[in-house]
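>>> Kindly generate the corresponding structure for this input.
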Amino acid sequence: MLRAQRAVPAWLAHPFRWQRLPVPWAAVARGALCAGPLLGAGIATGHPAPGVLAGLGSMLAGVNDRPGTRRTGIVHIGLPALASALGMLIGASLQAAGAGWWLVPALFAVGFVSGAGSVAGPVRSNAGMQMLATTILGAGMPLPGAPWAKALYVLAGCLWLLLLRLVLRSPRPAGGALSGERAAVATVFDALADALGAAGGA
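Coordinates of the predicted model:
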């Protein structure tokens, strides 16, 4: 007797299924134009270090490119951008000062501030994580330039992605930016109400 084949778990099969959702072409274009052109421009002009730093800043800003209005986009991208530039300034300053016993407590202090900010909301959480990441990268990347210049290159890359966000806007869905999310939440609450009604009945 042949043993029945087990079905593939849903969590494993989901990534291989064709997703029948509309493609956010504006977001795809922003992702294609964020880090690559900056890095290419830096290499083409003979300035690879600024290109790497600007591309890094643009890539980190792309992580925060979420659906929403222009105002929310500025907040979601702008606050982590400032935190990334600050982290690069701290890390590059630590590298310029040279390695010492105080390097570990300094990184621990940055990690503490990053973790403390993470509990204040998702935007501040992203800002804290990116500040910690750029601090470590700035302390470890042997790129030429003053710490303040490295921080400005990272910030310029973030602002490039923010400019793309303002120019290449995603079309607003009918009913507002959150109409789909609100409909999904309403469906869940309707299902819960039906379940509670069935539990209290015969």
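>>> so residue 26 makes contact with residue 166?
No. With contacts counted by C-beta atoms under 8 Å, residue 26 stays clear of residue 166, the gap being 11.2 Å. For every residue, glycine as well, the C-beta is placed using N, CA and C.
>>> between those two, which one's more packed in?
Taking neighbours as other C-beta atoms under 10 Å, residue 26 and residue 166 compare with residue 26 leading, 16 against 11.
>>> just checking, what packs against the helix or strand harbouring that one?
If you go by DSSP states H and E, residue 26 is part of helix 25-33. Contacts defined by 3 or more C-beta pairs under 8 Å, 6 or more residues apart in numbering; DSSP states H and E place helix 25-33 against helix 147-167.
>>> Counting neighbours, which bits of the helix it packs on end up buried?
Under the neighbour-count criterion of 16 or more other C-beta atoms under 10 Å, helix 147-167 has 147, 149-162, 164-165 buried.
>>> same question for the longest helix along the chain, mean pLDDT?
If you go by DSSP state H, the chain has its longest helix at helix 70-97. In this model, helix 70-97 has an average pLDDT of 86.
>>> how does this structure divide into domains?
31-170, 174-201 (the TED database).
>>> quick one: pLDDT of the residue nearest the centre of the chain?
The C-alpha lying nearest the average C-alpha coordinate of the chain belongs to residue 63 (C-alpha atoms, centre = their mean; 2.2 Å). Looking at residue 63, its pLDDT stands at 86.
>>> Give me the nearest residue to it, chain neighbours excluded.
Setting aside the residues directly before and after it, residue 63 is nearest to residue 126 in space (C-beta to C-beta, 6 or more residues apart in numbering), at 7.1 Å.
>>> Do I have it right that the one you found meets residue 65?
No. Using C-beta under 8 Å as the test, residue 126 is too far from residue 65 to be in contact (11.1 Å).
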